[in-house]
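Peer 1: Sharing a model prediction with you, sequence too.
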Amino acid sequence: MSSPSRPETGPRSDAHDGPPGAAARLEVLGEVERALVLDRTALAAMEAGQVADVGALVPEKRGRGVRVAALLERAGLKPDAVHVHIASSDPRFAVSVPIDEVRAGIVVYELDGAALPASSGGPFRLLVPAHPDECVNVKALARLELARASGRDTRPKDDAEHARLHESRRKPH
């Protein structure tokens, strides 16, 4: 059993919708060779996998992003990793799917040269072109955890449950 390595971190950027002084971070961890903790500046600095216009791949969406496949390559996906647990910063929402379902996905981190605003699903949003379940397009993406088996998945099980989820999010808390 190997000891956990320190996460690779990128340059610090404080541009986000969170509390002042705390930069938004995306974690890539679990069954990887190198855990990653990346902010918007580090995502933008990645040479591989940049998508200058997500609208070319996901109609009606805008922004700049990086491909999930490039993040997995940078983290060094271990051979026994078969699922990805996708966590939102909202602890009530989580998705767990086979890695191959999201490998073609894009993590959007920027809109019009600025941090992706919360109103657009920021500071990071996962978009998976042509995925049959729109709930895999996770807003306020916080973590991609690679695993050997499926994990926590709070997606609605049917259309009625899905409608209730969206209705509850429209009401003020």
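Peer 2: It's in.
Peer 1: switch to C-alpha atoms for all contacts and neighbour counts from now on
Peer 2: OK.
Peer 1: Going by residue numbers, what spans are helices in the chain?
Peer 2: With helices called from DSSP state H, the chain shows them at 40-45, 68-75, 159-170.
Peer 1: Could you list the low-confidence segments of this structure?
Peer 2: Residues of the chain that meet the criterion pLDDT under 70 lie in 1-22, 162, 165-173.
Peer 1: the strands in the protein, which residues?
Peer 2: Secondary structure of the chain, counting by DSSP state E: strands at 8-9, 26-30, 36-38, 50-51, 64-67, 83-88, 94-98, 106-111, 114-115, 125-127, 141-147.
Peer 1: Show me the one of those that comes nearest residue 163.
Peer 2: Closest approach to residue 163 among those is made by strand 94-98 (17.0 Å; C-alpha to C-alpha).
Peer 1: helices and strands around the closest one, which ones?
Peer 2: If you count contacts as 3 or more C-alpha pairs under 8 Å, 6 or more residues apart in numbering; DSSP states H and E, strand 94-98 packs onto strand 83-88.
Peer 1: Go ahead and name everything in contact with the strand it packs on.
Peer 2: When contacts are defined by C-alpha atoms under 8 Å, 6 or more residues apart in numbering, strand 83-88 is touched by residues 93-99, 138-152.
Peer 1: Weed out the non-buried ones from these.
Peer 2: For the contacts of strand 83-88, a burial check counting by 16 or more other C-alpha atoms under 10 Å picks out 93-99, 138-147, 151.
Peer 1: if we can go back for a sec, now mean neighbour count too, for the helices of the chain, in TSV please.
Peer 2: Below are these laid out as TSV (neighbours: other C-alpha atoms under 10 Å):
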stretch	mean neighbour count
helix 40-45	19
helix 68-75	20
helix 159-170	11
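Peer 1: May I see the ones you listed arranged in CSV, with distance to residue 34 as well?
Peer 2: Below are the helices of the chain laid out as CSV (distance: least, C-alpha to C-alpha, whole Å):
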stretch, distance to residue 34
helix 40-45, 15
helix 68-75, 5
helix 159-170, 35
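Peer 1: Among those helices, which comes closest to residue 123?
Peer 2: helix 40-45 (8.2 Å).
Peer 1: Off-centre distance for that closest one?
Peer 2: Relative to its parent chain, helix 40-45 has a centroid offset of 14 Å by C-alpha atoms, centre = their mean, to the nearest Å.
Peer 1: Check stretch 107-115 too.
Peer 2: How far stretch 107-115 lies from its chain's middle: 13 Å, per C-alpha atoms, centre = their mean.
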